[in-house]
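Q: Here is my input; please provide its structure:
(2 chains)
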Amino acid sequence: MSWEQVMELIVSILTTQSGLPNLMFKQVIMIGVAFFFLYLAVAKRYEPLLLVPIGFGIFLVNFPLVPLMGFSEHGTPELIRVFYKYGVEWEVIPCVIFLGLGAMTDFGPLIANPKTLIIGAGAQLGVFITYIGVLFFGFTLKEAASVGIIGGADGPTTIYLTAKLAPHLLGANALAAYSYMAMVPLIQPPIMRLMTTPAQRRIRMRQLRVVSAREKILFPLVGSILIILMVPAVAPLMGMFMFGNFMRECGAVKRLSDTSQNALMNIVTIFLGLSVGATMAAEKFLTLKPLLIFSFGLLDFVVCTFGGILTVHIMNLFVKEKMNPLIGSAGVSAVPMSARVSHAEGLKADPDNWLIMHAMGPNLAGVIGSAAAAGMFIAMFQ
Amino acid sequence: MRTVRKKSKLRLSLVVVTMLLGWCVSSHATGLFSAGDVEKPNPEFTRSGNRIVAKFIPRAKSTSVTVEFQVTEGGTLAGVKGVDFATVDRPEVDIKNFKSAAFEIGIRDVIPGGTAMVAIRSDFFSLSTAFYVFNPKRTEPWIRDAQKENRVLEQRVRELVVQVRDGGDLDSDGAADGQIRLVGGPRDSFWGYALGTLFIRFFGIFFVLSLLMIGMLASGWIFTLLDRIRGGRVAAGVEKKAPAAAAPPVAPASAGGLGRPAAVPDTVVAAIGAALYLRDTASRMAPSPAPPDIGTAWTLQGRQRIMQDRLAVFCQGGRKKEK
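A: Predicted coordinates:
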């Protein structure tokens, strides 16, 4: 073999089989974006369980000649494409996550004070305001609905709805939802203080009644009947959520409940995060729409918080026992972060005012409310 | 100093927000946010007799719909094909209003200069749907009042009827040659639908959750009642059993322990005494001199445990009666 042939072979290998000459500037930017989210997750502990796999998914998919989200010449899906296809595209993983969430959830505070369900509905205001807002910027109705649901502060619901209505926005929507959920302690307090007086923040609420085990067992059954009958489109999410909760409360299948809460939840979280992150390839993500999605996502969270607190103020005009308006902000879902924020703000106003259990009611109502909103949107396009 | 810094921060945020808004508006104006027609309908046509059915997924829908075309009078339906909306797009119309895009309907066997009636049927049409006709030979190509009728048939199917004259305004070929080329599409109000559905669905969530709330209030009331009845029964049972099981009165223990029953050993008495002492001193323990730091996980956990204990005490049965 002559020296020229060796050189030609080396050049051929370098240009066709090595990634370096094929690396584009856009991909470098996206790798930077991946580092940013990994930094937020690892150093700042912002939703690390989701942002680590999402960040790493972005990182992996933005190398040149890496076909992780593509198909082989024979049409066989590559590694992460398999996760995406069977997990997200087939709408399996968000529902399995809802199963785990149901198994983790204690509906006691909501059952003890069902009035807080209305707060969960009021806190969906931002979802609909954002839906209209993005339409002015040329988004289609389906895209607008998928962006609007970010304010529901419910990651799996956002992913489920976006995968169904606007899969091309999945990466941006999921990232916006999880980033802002992690930033709830930064976003909500100023709005809470703006919308309440010190006296209102000091309102003490009556201790919640004890909820019997039988009530807790019946809740997922009664809840499923009422919600699924009214909004059938929400059956996959709500059905799994209530199934997980029934396993938890019935006490007969502790092993299954434990698996749903821990092992299964952790497994699907890994696949979900990687798949969602991998949708953010440079050529798809580096457009102006994601920027707008992030802006409206923030507005969405703000209006949802506003809507929740406003609902409590309105309810206080009619109820005998006044509610502390700080619990209204917990209506945005983001369990249990936003309930903790309500509690912490309450403690600042009155160190002996324990709002955590009261805030858990609207918090859980927010989960049901955002799932109902997603169901409404799905039904709208059927 | 702090106020000045706050003010400058506020000003800076205002400037940034204004710039962002300006940028967004200008981007919108230049169409930077529109990433092509991602919802372009792609109709497939099938013919059955004198009818042609188009099946497609319209804009803002996830499921397919069918639109049926038929010439009911004055001619024969020659064919129907889809029209790329970009070719008929004009400033006076908005593509978003045309969920099904546009069609070209060919009619033959028309008496030259005569009229034909075209019926377009679908359960996708609503009361507000109107068939707009496009004729490029006119100075104002889009004709809004072309439709003669919008009537409801059985099974929620609506029929739009258009009367078209050979060589007339609606005929795109412009010639009275016994053939008609009708280009147009069913038009709905995008913003009317978007705002209407927004309002209905937002209050729909209130309705669904209110229904759930009523169900939960009712079940909560029933369970509380049942628990109260059961509690009452248990109390009655204890009262009935009490006289029979009552032990003979024990003489109170004196300070010297002379009246103490012999069955209780000294070690047990000492243990009870120690427990009572510990309980008493624990409840009167002096508070920590350090200022309460509510932010740490340790203090939060401790407070949560205290709270749970309180919950158990305050939520015992019959609490309502105390009120």
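Q: Paired strands for the helix or strand hosting B:E104, with orientation please.
A: Under the criterion of DSSP states H and E, B:E104 resides in strand B:102-108. Partners of strand B:102-108 in the sheet, by DSSP bridges, are strand B:76-83 (antiparallel), strand B:180-187 (antiparallel).
Q: out of the ones you listed, deepest packed?
A: Across the strands paired with strand B:102-108, averaging neighbours per residue (mean count of other Cβ atoms under 10 Å in any protein chain shown) puts strand B:180-187 on top, at a mean of 24. Every residue, glycine included, has its C-beta placed from N, CA and C.
Q: Just give me how far it sits from the chain centre.
A: 35 Å (Cα atoms, centre = their mean, to the nearest Å).
Q: Quick check on the nearest residue to A:F246 once chain neighbours are set aside: phi, psi?
A: Among residues not flanking A:F246 along the chain, A:P220 sits closest, at 4.2 Å (Cβ to Cβ, 6 or more residues apart in numbering or on different chains). Dihedral angles of A:P220 (phi, psi; degrees, to the nearest 10) stand at phi -60, psi -30.
Q: Show the contacting residues for A:P220.
A: A:G102, A:F107, A:M242, A:F243, A:N245, A:F246, A:E249 (Cβ atoms under 8 Å, 6 or more residues apart in numbering or on different chains).
Q: and the strand or helix carrying the fourth one, which residues are buried?
A: Using DSSP H and E, A:F243 sits in helix A:235-250. Within helix A:235-250, the residues that qualify as buried by neighbour count (16 or more other Cβ atoms under 10 Å in any protein chain shown) are A:236-249.
Q: which residues make contact with that helix from outside it?
A: Residues contacting helix A:235-250 (Cβ under 8 Å, 6+ apart): A:91, A:94-96, A:98-107, A:156-157, A:160, A:213, A:216-217, A:219-221, A:223-224, A:227-228, A:231, A:253, A:256-257, A:260-261, A:367-368, A:371, A:374-375.
Q: Which SSE is immediately downstream of it?
A: Trace forward from helix A:235-250 with DSSP H and E and the next one is helix A:254-261.
Q: quick check, nearest of the buried residues of helix A:235-250 to chain B?
A: A:M238 (10.5 Å; Cβ to the nearest Cβ).
Q: And B:E73, how close does it get to B:A116?
A: Distance of B:E73 to B:A116, given as Cβ to Cβ, to the nearest Å: 6 Å.
Q: following the strand holding B:E104, which helix or strand comes up?
A: Trace forward from strand B:102-108 with DSSP H and E and the next one is strand B:115-122.
Q: I'd like to know which elements that following strand is packed against.
A: strand B:65-73, strand B:102-108, strand B:158-165, strand B:180-187 (3 or more Cβ pairs under 8 Å, 6 or more residues apart in numbering or on different chains; DSSP states H and E).
Q: Quick one: those as CSV, columns for mean pLDDT too.
A: Shown next, in CSV, are these (pLDDT from 0 to 100):
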stretch, mean pLDDT
strand B:65-73, 93
strand B:102-108, 92
strand B:158-165, 92
strand B:180-187, 92
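Q: can you put these in JSON lines and add distance to A:P167?
A: Formatted as JSON lines, those follow (distance: least, Cβ to Cβ, whole Å):
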{"stretch": "strand B:65-73", "distance to A:P167": "21"}
{"stretch": "strand B:102-108", "distance to A:P167": "27"}
{"stretch": "strand B:158-165", "distance to A:P167": "32"}
{"stretch": "strand B:180-187", "distance to A:P167": "27"}
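Q: about what we covered before: distance to A:A349 added to the strands paired with strand B:102-108, as JSON lines?
A: Formatted as JSON lines, those follow (distance: least, Cβ to Cβ, whole Å):
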{"stretch": "strand B:76-83", "distance to A:A349": "63"}
{"stretch": "strand B:180-187", "distance to A:A349": "55"}
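Q: Filter the contacts of helix A:235-250 down to the ones in helices?
A: The members of these that map onto helices under DSSP state H are A:94-96, A:98-104, A:156-157, A:160, A:213, A:216-217, A:219-221, A:223-224, A:227-228, A:256-257, A:260-261, A:367-368, A:371, A:374-375.
Q: For residue 189, which residues are in contact?
A: You didn't say which chain, so I picked chain A. Per Cβ under 8 Å, 6+ apart, neighbours of A:P189: A:V341, A:E345.
Q: let's do chain B instead
A: By Cβ under 8 Å, 6+ apart, the contact set of B:S189 is B:N97, B:S128.
Q: Could you export the strand holding B:E104 as CSV, CA atoms only?
A: Output in CSV follows, covering the C-alpha atoms of strand B:102-108 (Å, rounded to 0.1, in the frame of the first residue of the first chain):
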residue,chain,number,x,y,z
ALA,B,102,-60.1,24.3,-0.8
PHE,B,103,-61.5,22.0,-3.5
GLU,B,104,-61.9,22.2,-7.2
ILE,B,105,-65.2,20.8,-8.4
GLY,B,106,-65.7,20.0,-12.0
ILE,B,107,-69.2,19.8,-13.5
ARG,B,108,-70.1,18.7,-17.1
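Q: Just name the shakiest helix or strand of chain A by mean pLDDT.
A: helix A:282-285 (a mean of 84; mean pLDDT, DSSP states H and E).
Q: quick revisit: tabulate the contacts of A:P220 (JSON lines), appending pLDDT.
A: Shown next, in JSON lines, are the contacts of A:P220 (pLDDT from 0 to 100):
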{"residue": "A:G102", "pLDDT": "95"}
{"residue": "A:F107", "pLDDT": "94"}
{"residue": "A:M242", "pLDDT": "96"}
{"residue": "A:F243", "pLDDT": "97"}
{"residue": "A:N245", "pLDDT": "96"}
{"residue": "A:F246", "pLDDT": "97"}
{"residue": "A:E249", "pLDDT": "95"}
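Q: State the pair within those that is farthest apart.
A: Using Cβ to Cβ, the two most remote members of the contacts of A:P220 are A:F107 and A:F243, lying 13.5 Å apart.
Q: that older thread, okay, the helices and strands packed on strand B:115-122, which one's buried deepest?
A: A comparison of these by mean neighbour count, using mean count of other Cβ under 10 Å, puts strand B:180-187 on top with a mean of 24.
Q: quick check, the helix or strand following that strand touching chain A?
A: On the C-terminal side of strand B:180-187, the nearest following helix or strand under DSSP H and E is helix B:190-245. Yes - using Cβ under 8 Å from any Cβ of the partner chain, helix B:190-245 reaches chain A at B:190, B:194-195, B:197-198, B:201-202, B:204-213, B:215-217, B:219-220, B:223-224, B:227.
Q: For helix B:190-245, which helices and strands make contact with it?
A: Using 3+ Cβ pairs under 8 Å, 6+ apart: helix B:190-245 touches helix A:108-112, helix A:116-122, helix A:125-135, helix A:141-148, helix A:213-230, helix A:356-380.
Q: right, so of those helices, which gets closest to B:S100?
A: Closest to B:S100 of these is helix A:141-148 (Cβ to Cβ; 14.4 Å).
Q: How far does that closest one sit from its chain's centre?
A: Worked out by Cα atoms, centre = their mean, helix A:141-148 lies 15 Å from the chain centre.
Q: same thing with stretch A:206-225?
A: That offset, for stretch A:206-225, works out to 25 Å (Cα atoms, centre = their mean).
Q: for it, what is the average pLDDT?
A: For stretch A:206-225, the mean per-residue pLDDT is 91.
Q: buried set for it?
A: A:207-212, A:215-220, A:222-224.
Q: residue contacts, the closest residue to chain A within the stretch 201-323 of chain B?
A: Here the stretch 201-323 of chain B gets closest to chain A at one residue, B:M216, 3.8 Å apart by Cβ to the nearest Cβ. Counting by Cβ under 8 Å, 6+ apart, B:M216 touches A:L110, A:I111, A:P114, A:L117, A:F219, A:V222.
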